[in-house]
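K.L.:
Give me a model of this one.
(2 chains)
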2 protein chains.
Amino acid sequence: MRKSGRPTMVDVAADAGVSLKTVSRVVNGQPHVDPALAARVTASAEKLGFHRNALAASLRSGSRDTLGFVSADLTNTFYMTIAAAASAVAVGRGMQLIIASSEEDAATERTLTLDLCQRRVGGLIVVPTAADHTYLQAEVQRGTPVVFLDRPARGIQADELLLDNRGGARAALAELLAAGHRRIAVLLDKPDIFTMVERRAGVEEAFAAAGLTVDERVVVADMHTPQAAREAMTRLLASAEPPTAVFCANNRSTIGALEAIVAADADIALSGFDDFELSRLVPRRIRIVDYDAGELGRRAAELLLQRMVDPDGVEPTTVLLPTRLVDRGREVRPRG
Amino acid sequence: MRKSGRPTMVDVAADAGVSLKTVSRVVNGQPHVDPALAARVTASAEKLGFHRNALAASLRSGSRDTLGFVSADLTNTFYMTIAAAASAVAVGRGMQLIIASSEEDAATERTLTLDLCQRRVGGLIVVPTAADHTYLQAEVQRGTPVVFLDRPARGIQADELLLDNRGGARAALAELLAAGHRRIAVLLDKPDIFTMVERRAGVEEAFAAAGLTVDERVVVADMHTPQAAREAMTRLLASAEPPTAVFCANNRSTIGALEAIVAADADIALSGFDDFELSRLVPRRIRIVDYDAGELGRRAAELLLQRMVDPDGVEPTTVLLPTRLVDRGREVRPRG
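P.N.:
From the prediction side, this is the model:
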């Protein structure tokens, strides 16, 4: 329905090839506008029949008071921690957050993202699954800021908020190798997800730094749920040469592996990427690659709000959040 | 922007005082329409200048291919399990789900819900926080089906999907009382939330059935986060007369209480409403009031889809999902 009403400042900006902010400045008679740009805005506004009242209509339609968040997995608490933090920032500014999830499907991501744009959100946080985001180019040029979170943008210039996936995995593996482990199982989610590519690279770098190579026989991919990881871990523990350590590339895998290890009462070192609720209470010591998930959500929302106010502010930026290794859980055995 | 374009079937339905389905039947020349209703639809369509092409425009705008879910707490996995199940139903029909959260604030619920309506969702699942939902009456009459989930609607006729909160809490308390416990702590979330009112009533019924009364000195309300519950439980355990058992009225409280109990190495029976991830691995035996959270989400989405296809089908219905008591966790002590 976007195009069915009267022309908006967004339409004028698109026609004139300038930012929404520039149109806003011209329309509102603010200073410091390049006269050549101002002339283009005025010409487009006249051509399209834009009237200043359309601004009020555009504001009334609620386009600018809602942020959209396209998650990748509704059941992973990682994304909900991010959503809650982003929502708190939005609410603090009198705005709100609406959430959708691609469930790791590129076509769904595209449909959802464009649908949210059509529903006139003021800005978008996207956890990308697709390999190509040129489909968002028109929307970004029309003045909708987009921040890519957890995974980078492909084929489009935009803000990115990433974790130090490679460094975190490398540190976890370096520790296991230093403790003498060689047969180290690695449980990965879908192997083409950016974070998995990076964490796997970190694993390989740690082995290489120790003059060793990864034992591919105990690397298992496509562990998308705790159930899948539990079954894979159960098989690994029951094999002729079970691993002496396991690195789980996300918290879904860690939870499943932990369930298998406890069920088998296995003696195996456990490391995993991502903290999770109740990790302190589980009956095995775990080394966790931890980071501030809330910070990801807060910074994503703050970047969006900044871009909404000042679209021409600075070039798109890539932020890499650090990770650290922490202890969780404790070794226990059944009572009595 | 809903009203700024050409009149839609929704507008015709509102003007004629009939359902969207009736308008659709008349417009599409389908059989079995009451001639008197058909005449009202035709009169309204002519009055408003409705043309049949507006139907195509309405479909293109995506109004019917998205369901909205207004949650109450983004960080509670209960709601995310529901959202994931509802989303799976929607995706199975080529639709999608968008999610927002009131974070237990009535004004936010109203803003978000009306915002989603304005963004033209085809139907809404609402976990209500507000004490009055007459604000949704116009939207429901305009043909947007609404299902209330986990808590009932107030001041509006609509489908409701509820848990047997009272029965579940009563069963958990009956067990503790039968085991001889008398000083039973009760940890409640905000006491005016419907589920808390009902679960508290279940607690009282169990005491009454045993010829006893609740010990109000160990009833603690407003435990909205695990942190709050942990602090309250720590205080209760350190008191002069600590409780011998505790009933936690939701999983946020159970997690916090569990953390306090393990930290204090306290000997106390633990029961809680709602299962949670990793409950099987925690180092204390817990009796959990369990139910099928996914079923809540699935049925909510299916009810909405049914209402969208057949708005005049049957009267609004209230479904009460059963609960059952299950064992989780196991007693353990630190190794070595």
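K.L.:
what residues are up against the nearest residue to A:F207 once chain neighbours are set aside?
P.N.:
Counting by CB to CB, 6 or more residues apart in numbering or on different chains, A:F207 lies nearest to A:V214, which is 5.2 Å off, once chain neighbours are set aside. Where you see a C-beta, it was placed from the backbone N, CA and C, and this is true even at glycine. The contact partners of A:V214, taken as CB atoms under 8 Å, 6 or more residues apart in numbering or on different chains, are A:184, A:186, A:203-204, A:207.
K.L.:
in stretch A:9-19, what's buried?
P.N.:
A:9-16, A:18-19 (16 or more other CB atoms under 10 Å in any protein chain shown).
K.L.:
any idea where the helices of chain A begin and end?
P.N.:
Remark: helices assigned in chain A by DSSP state H are A:9-16, A:20-27, A:35-48, A:53-60, A:77-92, A:106-118, A:137-141, A:165-178, A:194-209, A:226-238, A:251-264, A:293-309.
K.L.:
and the first one with helix A:20-27, angle?
P.N.:
Taking axes from the mean of the first three to the mean of the last three CA atoms, to 10 degrees, one finds that helix A:9-16 is oriented at 100 degrees with respect to helix A:20-27.
K.L.:
What degree of burial does whatever residue of the stretch 101-250 of chain A ends up closest to chain B show, as a neighbour count?
P.N.:
As assessed by CB to the nearest CB, chain B sits closest to A:R119 within the stretch 101-250 of chain A, at 4.1 Å. A:R119 has 25 neighbours, counted by other CB atoms under 10 Å in any protein chain shown.
K.L.:
any idea how far A:V146 is from the closest residue to it other than its chain neighbours?
P.N.:
In this structure, A:R119 finds its nearest non-sequential neighbour in B:R119, 4.1 Å apart by CB to CB, 6+ apart. Distance of B:R119 to A:V146, given as CB to CB, to the nearest Å: 18 Å.
K.L.:
do A:V197 as well
P.N.:
22 Å.
K.L.:
okay, now the domains of chain A?
P.N.:
Taking automatic domain parsing as the reference, chain A has its domains at A:9-52, A:66-163+A:293-323, A:165-291.
K.L.:
Which of those comes out lowest on mean pLDDT?
P.N.:
Ranked by mean pLDDT, these bottom out at domain A:9-52, with a mean of 74.
K.L.:
is any part of that domain close to chain B?
P.N.:
No - contact of domain A:9-52 with chain B (CB under 8 Å from any CB of the partner chain) is absent, the minimum separation being 12.5 Å.
K.L.:
ditto for stretch A:275-288
P.N.:
Yes - shown here: stretch A:275-288 in contact with chain B (CB under 8 Å from any CB) through A:276-278, A:280-283.
K.L.:
From the rest of the structure, what touches that stretch?
P.N.:
Stretch A:275-288 has contacts (CB under 8 Å, 6+ apart) with A:77, A:172, A:175, A:251, A:254-255, A:258, A:261-262, A:269-274, A:290, A:293, A:325-333, B:77, B:226, B:255, B:258-259, B:262, B:276-278, B:281-283, B:332.
K.L.:
Weed out the non-buried ones from those.
P.N.:
A:77, A:172, A:175, A:251, A:254-255, A:258, A:261-262, A:269-274, A:290, A:293, A:328-330, A:332, B:77, B:226, B:255, B:258-259, B:262, B:276-278, B:281-283, B:332.
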